[in-house]
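Participant: need a structure here:
(chains A and B)
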Amino acid sequence: MFTPRPRHAFVLLVALGSGAAFGEGPNLGRPIDPADIAGWDISILPDGTGLPPGGGTPAQGERIFAQKCAMCHGERGKGGVAAAVVGGGPIDRIEATKTIANFWGYSTTVFDFIRRAMPWQQPRSLTDNEVYALTAYILAENKLIGENDSMNAETLPKVRMPNRDGFIIRFPDKI
Amino acid sequence: MEPRNRAKEELERLEVVAGNGLLDRRAFLRSGAAVAGTVMGYTFVRPAAAAPLADEPWSLGPGGLSRPYQQRSRFEEKIGRTLSNPNGEPRTSHARTPHHLINGTITPNGLHFTIVHSGTPDIDPDKHRLVIHGLVKQPLVFTLDTLARYPMVSRFSFVECGGNSAPMFSKEPIQASVQALHGLVSCSEWTGVRLSTLLEETGIDPKAKWIVAEGADSLALSRSVPVKKALDDAMIALYQNGERLMPGNGYPMRLLLPGYEGNMNVKFLRRLKLVEQPAMSYYETRTYSQILPNGKAFRFYFLQEVKSFITHPSPGLALRGPGFYEISGIAYSGNGRISKVMVSADGGRSWGEAALQAPVLSKAFTRFRMPWRWDGGPAVLQSRAWDEGGNVQPTRAQFVAERGETRNIPPVLGFPNQHYNSLTSWAVDGKGEVKHVYA
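Facilitator: Next up is the predicted model:
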């Protein structure tokens, strides 16, 4: 698991304005080793930081999708009781349906969301290879990668989503 | 004219501050008797005499038992939240606050709006953990018990879903109550530990610009929050109006980011990871990004901007005959305190300044009140709020010019878009019925 080794000086926060220095608070938090956080540390960043080892292909994903996802997302992801994960019309109105193909800015979000949240009734039951395969399948069905392209920590962040530059930061001064 | 009558007439003239019967807000501050007399004298025919008073059964015998956790009167039981997904189908569940049936500025815990994307988790507080890690000097884990030993702060804060008021994007006004239109905002007193206090103990690597917050719900809902906000006024909230958080509001702990989009106030908070770049999570880059008329979309909207709406009267609360009414509603801004609320009874042609109920608190509900003498004719009621930063609620024309409106009429429970903060207009007809209109 990625855990950056700090190289810079650390900021000492004096947030309460009381002049309390580090060490003067209750100090009741228990130190934990990054290895012991690994089970929860599932955040994937858009540059691929956090992606686990492993990989999968659209063909592998197709089988899993039919078994574990199609009952809600429809045959080949065309939509059912839950949203379509394949296809999508133009963003031609303010209420247009946002889809992976027409809206999502980053391919890493597809992996991250499936791994943390899907299948809806049994989240975090998929292996990382299965998540890669499902991600590959959905991206391939959307024609965002080739039908034989394998997805892994190396290839996934390089997939350029069509709407990558479609966003405006609302209040840049708040960041 | 007799001096007494002249004085009375002057008072009456002074009191009308805007068209269609809006009265001076200071009417409330004057001596009750004088004002009541004036208002009565102007429009009211005194009602018929009351019936003789007699004891009712509940006054003639001892009452019921006290309970450890008291319930409201059985006569109030019908007042509740409206549910978008009562049977727990695999989709998001919304429960909306009935603003027209409550008053004041604090939302009772049982009526606080909730949105859960995969049901409400049943969390054992003794087993719940909060970990802070990533670009910190020392990753730390906190239990609820240990957090309860930290210095605490209390503050009033509204929490509003980015999708509150979404039906107002409809190109035609959708006939619905204030609960259906604006029920995804509520206000509580929250008590907990400042996030900065905990970050002081973990230390922060200067490279850290964002914190990825994550819940213990089944979707592990996750949002990226600027470190800037975390060090400003963020709180790990443990109590809501004095008692532990309601399950739907994040029991046993939630992130509270006063004035910021509800979804960012991550509930069931279990993990905070300090990072250099935002995670671009599902809820921030898909669900809570807003499509603009030119096809681009806003990202990281964060702020719930200045807004107000009238709760009394409103659809479902018909007026019963001409005479004196109090127009009242709520105003709030993610930028700070409300500085002014103007009310119109003639669809925005003329405006009078409403009284603001003290205390007026930053990023919290402010109740405004405006005395009104309804003459029984058609009226269109509107409110418009300003905050201390000089921000003002845009008119509908201004808002639509920038943000657009839908091409088709969306379902009332739909979310065609988000972050609506323009005006709401209620039309009162000759019978006193109230309808939603655009004006």
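Participant: all contacts plus neighbour counts: C-alpha atoms, from now on.
Facilitator: Fine.
Participant: mind showing which ranges of the stretch 1-150 of chain B have poor pLDDT?
Facilitator: Confidence mapping of the stretch 1-150 of chain B against pLDDT under 70 gives the ranges B:1-14, B:28-45.
Participant: and the residue nearest to B:F156 when sequence neighbours are not counted, how many neighbours?
Facilitator: Using C-alpha to C-alpha, 6 or more residues apart in numbering or on different chains and skipping residues adjacent in sequence, the residue nearest B:F156 is B:E189, 4.2 Å away. Neighbours of B:E189 under the rule other C-alpha atoms under 10 Å in any protein chain shown: 18.
Participant: Is it correct that B:E189 falls within a strand?
Facilitator: Yes. According to DSSP: H, G, I helix; E, B strand; the rest coil, B:E189 belongs to a strand.
Participant: Now do the contacts for it.
Facilitator: B:E189 sits next to B:I106, B:S154, B:R155, B:F156, B:S157, B:Q240, B:N241, B:G242 when contact means C-alpha atoms under 8 Å, 6 or more residues apart in numbering or on different chains.
Participant: Verify the contact between the last one and B:T191 for me.
Facilitator: It refers to B:G242. Yes. Using C-alpha atoms under 8 Å, B:G242 is in contact with B:T191, at 7.5 Å.
Participant: Which parts of the chain are helices?
Facilitator: You didn't pick a chain, so chain A it is. A:34-37, A:58-68, A:70-73, A:107-117, A:128-141 (DSSP state H).
Participant: if you could check chain B rather than the one you did, that'd help
Facilitator: B:3-15, B:32-43, B:144-147, B:178-182, B:195-202, B:227-232, B:282, B:396-403.
Participant: List, one by one, the residues from the stretch 1-150 of chain B near chain A.
Facilitator: B:90-91, B:118, B:133-143, B:146-147, B:149-150 (C-alpha under 8 Å from any C-alpha of the partner chain).
Participant: Can you tell me the closest non-neighbouring residue to B:F158?
Facilitator: Here the residue nearest B:F158, using C-alpha to C-alpha, 6+ apart, is B:C187, at 3.9 Å.
Participant: From B:R271, how far out is the closest residue to chain A within the stretch 1-150 of chain B?
Facilitator: Residue nearest to chain A within the stretch 1-150 of chain B: B:L140 (4.6 Å; C-alpha to the nearest C-alpha). Counting by C-alpha to C-alpha, to the nearest Å, the gap from B:L140 to B:R271 is 10 Å.
Participant: who touches both of these two?
Facilitator: With C-alpha under 8 Å, 6+ apart, B:L140 and B:R271 have common neighbours B:V131, B:I132, B:H133.
Participant: got the contact list for the first one?
Facilitator: Translated: B:V131. Contacts for B:V131 (C-alpha under 8 Å, 6+ apart) come out as B:P139, B:L140, B:V141, B:F142, B:R270, B:R271, B:L272.
Participant: For the closest residue to it other than its chain neighbours, give me its contacts.
Facilitator: Nearest non-adjacent residue to B:V131, counting by C-alpha to C-alpha, 6+ apart: B:V141, 4.3 Å away. Counting by C-alpha under 8 Å, 6+ apart, B:V141 touches A:G29, A:R30, A:P31, A:I32, B:R129, B:L130, B:V131, B:I132.
Participant: In this structure the third one contacts B:K137, no?
Facilitator: No. Taking C-alpha under 8 Å as the definition, A:P31 is not a contact partner of B:K137, at 10.4 Å.
Participant: With neighbour numbers in mind, choose between the two.
Facilitator: The residue with more neighbours, out of A:P31 and B:K137, is B:K137; 19 against 15, by other C-alpha under 10 Å.
Participant: since we're on the closest residue to that one other than its chain neighbours, how many residues are nearby?
Facilitator: Closest residue to B:K137 apart from its sequence neighbours, by C-alpha to C-alpha, 6+ apart: B:G203 at 5.0 Å. By other C-alpha under 10 Å, 21 other residues sit near B:G203.
Participant: How about A:R170?
Facilitator: By the measure other C-alpha under 10 Å, the count of residues near A:R170 is 16.
Participant: and it, how far is that from chain B?
Facilitator: 5 Å (C-alpha to the nearest C-alpha, to the nearest Å).
Participant: Against A:K174, how distant is the closest residue in space to that residue that isn't next to it in sequence?
Facilitator: Among residues not flanking A:R170 along the chain, B:Y301 sits closest, at 5.0 Å (C-alpha to C-alpha, 6+ apart). As judged by C-alpha to C-alpha, B:Y301 and A:K174 stand 9 Å apart.
Participant: B:L319 now?
Facilitator: Distance of B:L319 to A:K174, given as C-alpha to C-alpha: 44 Å.
Participant: Can you name the residues that contact residue 111?
Facilitator: Since you didn't name a chain, this refers to chain A. Contacts of A:F111 (C-alpha under 8 Å, 6+ apart): A:V131, A:Y132, A:T135.
Participant: Switch to chain B, please.
Facilitator: B:G80, B:R81, B:R96, B:T97, B:P98.
Participant: Just give me the closest of the residues you listed to B:G19.
Facilitator: Checking the contacts of B:L111 against B:G19 by C-alpha to C-alpha gives B:P98 as the nearest, at 29.3 Å.
Participant: can you tell me how far the nearest residue to the closest one once chain neighbours are set aside sits from B:V437?
Facilitator: Once flanking residues are discounted, B:P98 sits nearest to B:Q179: 4.8 Å by C-alpha to C-alpha, 6+ apart. B:Q179 is 16 Å from B:V437, where distance means C-alpha to C-alpha.
Participant: what's the answer for B:A51, then?
Facilitator: For B:A51, the distance to B:V437 - C-alpha to C-alpha - is 40 Å.
Participant: Looking at the two, which is more packed in?
Facilitator: Set B:A51 next to B:V437 and count neighbours by other C-alpha under 10 Å: B:V437 wins out with 17 against 6.
Participant: Tell me where the stretch 201-350 of chain B has strands.
Facilitator: Counting by DSSP state E, counting those that start in this stretch, the stretch 201-350 of chain B has strands at residues B:210-215, B:222-226, B:235-240, B:243-244, B:254-256, B:269-275, B:290-291, B:297-299, B:307-312, B:323-332, B:338-344.
Participant: Centre-most residue in chain A?
Facilitator: Centrality entry for chain A: nearest residue to the mean C-alpha point is A:D112, 2.2 Å, by C-alpha atoms, centre = their mean.
Participant: Find the nearest non-adjacent residue to it, please.
Facilitator: In space, A:D112 is closest to A:I44, 5.8 Å off (C-alpha to C-alpha, 6+ apart).
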